[in-house]
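[1] Dropping a prediction and its sequence here:
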Amino acid sequence: MSSNVPTPARIRSHALQERAERFFPGGVNSPVRAFRAVGGAPPFVERGEGAWLIDADGNRYIDYFGSWGPMILGHAFAPVVEAIERAARNSASFGASTAAEADLAERIVACYPAIEKLRFVSSGTEATMSAIRLARAATGRKIVIKFEGCYHGHADGLLVKAGSGVATFGIPGSAGVPEEIARLTHALPYNDLAAVDAAFDAHEGKIAAVILEPVVGNAGCIPPAPEYLAGLREITEREGALLIVDEVMTGFRVALGGALELYGIDADLVTLGKIVGGGLPVGVFGGKRRFMDLLAPLGPVYQAGTLSGNPLAMAAGIATLGYLQEHAAEIYPRLEATARAVAEGVAQEAAKAQVPLTLNRVGSMWTWFFQSGTVTNYEEAARSDTAAFGRFHRALLEQGIWLPPSQFEAAFLGNAHGDSEIRATIDAARVAFAAVKVT
Ligand code: KE4
């Protein structure tokens, strides 16, 4: 039972939370939604309009998590809604091939030259899990390298923490993950090429792949150091391991062609999600043909999905990518300008209030870390004052500004955010920083 006494403004959300807790652990279908990292009771959303969310009690919020990335064109964007409605009239799913799958694939490969072939799945987790299986089959090797603070979904082999000692063997990051599986994943510090070299030296000929977020979003926003991505490409090519770039969050976000375009890098396999489905469940893994053709029914690597390529999801993705491709020249500069204005405007309010704050931003994804140091990896991110972030989050929420409910998440905005949302957010932050300073 939720212990929070409902504020007058959230009576209905409170009742809905109590009902939800009868059915779902913590009352949620994904843990971060429970607000455990920031405190307070999560509002229940009834609808979205552009940059705004409206909760079950009619309260309005400027949305800065956008369904964790997908809603780059804003909520209930008419071309996307209409595309889904049209597709739904033909039935929701067939479990058979449709033209729409290749229609969306054409748009994806136009944005991602690294993707010669791809396969649709229904989540980012499925995409990364499948890409790793493919990499192990392609190389005949077992070990996978990931990086602390990077999240690639909840497949067993990716829920690991950095082990201690040189071996850097992963240890389970969740109950239920057998150590035998965790040991096959090594978690290294992000932005540290020497650590990657050392791991390949220690496990020569045994590492199948390196997987990373090209811009970390899941430790809060952490950009790659200059030459880091190129260095990983050089090491993996030299060592015969696959480079898997997980663009589930950064794809179509930091540029139309994602981080691969923004930083000019190539990858053996790429994973996508979020924006590619326009808010409906779509994951993608794709890359070089010689790897993808190892998949059944052509090759020995099995992977499947009842709702893979679902027609409604394809329709939402086609409408979203189509609009982004047609209007990229004005959308991405606009996202950059809006995100810069709000992220830096709030940081300036923190400075005026003498609240320690470090801003990391890449395009329209960013994080305000409540600390004064630089944040270039997870260890540095973890030094942030999460209690202060919690007070900031709650103070903003009460003023109608909804940030992602964790210090270790990226904030996003979309094409529907404009000057009035920027001004309202900066004004609310000025008030919130006064609350933050109260220990
Ligand atoms: P899903 O299985 O949640 O669709 O995607 C997993 C995933 C894979 N790769 C990256 C880079 C991701 O960011 C994610 C999922 N992101 C989180 C937000 N940090 C999803 C939100 C949630 O878990 O509720």
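    Structure's in. What do you need? Numbering: from 1, shown residues only.
[2] Give me the buried positions along stretch 173-189.
    Buried residues in stretch 173-189, counting neighbours by 16 or more other CB atoms under 10 Å, are found at Gly173, Val177, Ile181, Ala182, Arg183, Leu184, Thr185, His186, Ala187, Leu188, Pro189. C-beta here means a position set from N, CA and C on the backbone, and glycine is covered the same way.
[3] Between the residues you listed, which sits nearest His203?
    Looking at these and their distance to His203, the nearest is His186, at 7.8 Å (CB to CB).
[4] can you list the residues that contact the host helix or strand of that closest one?
    Following DSSP states H and E, one finds His186 within strand 185-188. Residues from elsewhere that reach strand 185-188, judged by CB atoms under 8 Å, 6 or more residues apart in numbering: 143-148, 157-158, 160-163, 167-170, 195-196, 199, 203.
[5] Next step: these restricted to helices.
    Ala195, Val196, Ala199 (DSSP state H).
[6] quick one: which of the residues you listed has the most company?
    Val196 (24 neighbours; other CB atoms under 10 Å).
[7] And for it, nearest residue in space, chain neighbours not counted?
    Closest residue in space to Val196, ignoring its immediate chain neighbours: Ile235 at 5.6 Å, by CB to CB, 6 or more residues apart in numbering.
[8] Next to the ligand, which bits of this protein? Give me the list.
    Residues of the chain found near the ligand (CB under 6 Å from any ligand atom) are 30, 32, 68, 123-125, 128, 151-153, 213, 217-218, 246, 248-249, 273, 409.
[9] Apply 5 Å and report the result again.
    By the rule CB under 5 Å from any ligand atom, the part of the chain lying against the ligand is 30, 32, 68, 123-125, 152-153, 213, 218, 246, 248-249, 273.
[10] Closest to the ligand out of those?
    Using CB to the nearest ligand atom, Gly124 comes nearest to the ligand of the residues of the chain next to the ligand, at 2.3 Å.
[11] contacting residues for the closest one?
    Contacts for Gly124 (CB under 8 Å, 6+ apart) come out as His152, Gly153, Asp246, Val248, Thr271, Leu272, Gly273, Lys274, Gly283.
[12] do Ser420 as well
    Listed by CB under 8 Å, 6+ apart, the contact set of Ser420 is empty.
[13] Does it lie in a helix or a strand, and which?
    Assigned by DSSP H and E, Ser420 belongs to helix 419-436.
[14] still on that earlier bit, would you mind checking the contacts of strand 185-188 for buried ones?
    143-148, 157-158, 160, 162-163, 168-170, 195-196, 199, 203.
[15] For the residue nearest to Val196, grab the count of nearby residues.
    Ile235: 19 neighbours (other CB under 10 Å).
[16] Any buried residues in the helix or strand where it lies, and which?
    Here Ile235 sits within helix 228-239, counting by DSSP H and E. Applying a neighbour-count criterion of 16+ other CB under 10 Å, one finds Tyr228, Leu229, Gly231, Leu232, Arg233, Ile235, Thr236, Glu239 buried in helix 228-239.
[17] And for stretch 427-439?
    Ala428, Ala429, Arg430, Ala432, Phe433, Val436.
[18] Would you mind checking the average pLDDT for it?
    The average of the pLDDT scores along stretch 427-439 is 85.
[19] then that stretch to CSV, C-alphas only?
    Extracted C-alpha coordinates of stretch 427-439, given in CSV (Å, rounded to 0.1, in the frame of the first residue of the first chain):
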residue,chain,number,x,y,z
ASP,A,427,11.3,29.7,-13.7
ALA,A,428,10.3,26.4,-11.9
ALA,A,429,14.0,25.5,-11.5
ARG,A,430,14.7,28.8,-9.8
VAL,A,431,12.0,27.9,-7.2
ALA,A,432,13.2,24.3,-7.0
PHE,A,433,16.8,25.1,-6.2
ALA,A,434,15.7,27.0,-3.1
ALA,A,435,14.0,23.7,-2.0
VAL,A,436,17.1,21.7,-3.0
LYS,A,437,19.3,23.7,-0.6
VAL,A,438,17.2,22.6,2.3
THR,A,439,19.1,19.6,3.7
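[20] Just the residues contacting it, thanks.
    Contact partners of stretch 427-439, identified using CB under 8 Å, 6+ apart, comprise 345-346, 349-350, 352-355, 370, 388, 391-392, 394-396, 399-401.
[21] Could you list which of those belong to strands?
    Judged by DSSP state E, strands contain the following of the contacts of stretch 427-439: Ile401.
[22] Quick one: distance of the longest helix along the chain to the chain centre.
    Assignment by DSSP H gives helix 311-352 as the longest helix of the chain. Computed by CA atoms, centre = their mean, to the nearest Å, the chain-centroid distance of helix 311-352 equals 14 Å.
[23] what's the answer for stretch 295-315, then?
    The answer for stretch 295-315 is 22 Å, by CA atoms, centre = their mean.
[24] ditto for stretch 72-87
    Relative to the mean C-alpha coordinate of its chain, stretch 72-87 is positioned 21 Å out (CA atoms, centre = their mean).
[25] I'd like the average pLDDT over that stretch.
    98.
[26] cool, stretch 277-291 as well?
    pLDDT averaged over stretch 277-291 gives 98.
[27] Report the buried residues of it.
    By neighbour count on 16+ other CB under 10 Å, the buried set for stretch 277-291 is 277-288, 291.
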